[in-house]
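Visitor: When you get a sec, could you give me coordinates for this:
(chains A and B)
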Amino acid sequence: GEDVEQSLFLSVREGDSSVINCTYTDSSSTYLYWYKQEPGAGLQLLTYIFSNMDMKQDQRLTVLLNKKDKHLSLRIADTQTGDSAIYFCAALFSGGYNKLIFGAGTRLAVHP
Amino acid sequence: EAGVTQFPSHSVIEKGQTVTLRCDPISGHDNLYWYRRVMGKEIKFLLHFVKESKQDESGMPNNRFLAERTGGTYSTLKVQPAELEDSGVYFCASSQWTSGSAYNEQFFGPGTRLTVL
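Guide: Below is the predicted model of the structure:
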């Protein structure tokens, strides 16, 4: 079946940049997403990118998509303690019905 | 505008018991999805309703799981009888229906943490 993989843990110093990486198998996915989950909260859509784009920037967030390698990354500039959370990469399943295929989540820890 | 709500937030039951989870989607959202995250692993799709109809239930693990959405508003997910491996966080999401569009942002609830002992 379709699969999304991401590293499980990332630790960065406050003020540094964070880069969270993700690979996916469904080459026909039209949309790829980054969701953020803070403790006790639901999943919040951070950003998404359409498959015909290479890059999308939104304030401190930069998404890079390498469609050839099926690799997606999320860069957070000037990482703050409030960015500590679990970040999920997801791909829209190309078989229809808007089903999302998620990775296992990357826990980002920001320390002073 | 109220977001997606789920009840209960936590449930602890014994193996063999029955549990019913409830999801209230955002008002007016025709699409309702159930997902599950087991033991820190990936979040897996369970099923998708469009209004009261099951559009895709390919992710339902077995016939111990029954989802309903009577009247096309809130949805329930019943597990009967519960097994140890059913423990995890059950997320509900909803989205508006957009005919012919591939993109449809899904808004997630906070999840129900189910522990089966």
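Visitor: Tell me the backbone dihedrals of residue A:70, please.
Guide: Backbone torsions for residue A:70, taken as degrees, to the nearest 10, come to phi 50, psi 50.
Visitor: burial count for the residue nearest to it when sequence neighbours are not counted?
Guide: Distances taken as Cβ to Cβ, 6 or more residues apart in numbering or on different chains place residue A:24 nearest to residue A:70, at 5.2 Å, with adjacent residues excluded. For the C-beta atoms, the positions are set from N, CA and C on the backbone; glycine is no exception. Here the count is done by other Cβ atoms under 10 Å in any protein chain shown, and residue A:24 has 20 residues near it.
Visitor: Pull up the gap between residue A:24 and chain B, please.
Guide: Look at residue A:24 and chain B: by Cβ to the nearest Cβ, to the nearest Å, they are 12 Å apart.
Visitor: Isn't that residue up against residue A:30?
Guide: No. Between residue A:24 and residue A:30 no contact is recorded; they are 12.0 Å apart, counting by Cβ atoms under 8 Å.
Visitor: Could you pick out the residues of chain A near chain B for me?
Guide: For chain A, the residues in contact with chain B (Cβ under 8 Å from any Cβ of the partner chain) are A:4, A:8, A:30-31, A:35, A:40-45, A:48, A:50, A:88, A:90, A:92-93, A:96-105.
Visitor: Pull out the buried residues from those.
Guide: Buried positions within the residues of chain A next to chain B, assessed by neighbour count (16 or more other Cβ atoms under 10 Å in any protein chain shown), are A:4, A:31, A:35, A:42-43, A:48, A:88, A:90, A:92-93, A:97-105.
Visitor: before we move on, the earlier item: residues contacting the residue nearest to residue A:70?
Guide: Residue A:24 is in contact with A:2, A:3, A:4, A:5, A:32, A:70, A:72, A:89, A:91, A:101, counting by Cβ atoms under 8 Å, 6 or more residues apart in numbering or on different chains.
Visitor: In space, what's closest to the residue nearest in space to the middle of chain B - neighbours in sequence excluded?
Guide: Averaging the C-alpha coordinates of chain B gives a centre point, and the residue nearest to it by Cα atoms, centre = their mean is residue B:34 (2.9 Å). Closest residue to residue B:34 in three dimensions, ignoring its sequence neighbours and counting by Cβ to Cβ, 6+ apart: residue B:46, at 4.1 Å.
Visitor: for chain B, what spans make up the strands?
Guide: Here chain B has its strands, by DSSP state E, at B:5-7, B:10-13, B:19-24, B:31-37, B:43-50, B:53-56, B:65-68, B:75-79, B:88-95, B:107-108, B:112-116.
Visitor: Could you please name the strands the fourth one pairs with and the direction of each pair?
Guide: Looking back up the chat, that one is strand B:31-37. The pairing partners recorded for strand B:31-37 under DSSP bridges are strand B:43-50 (antiparallel), strand B:88-95 (antiparallel).
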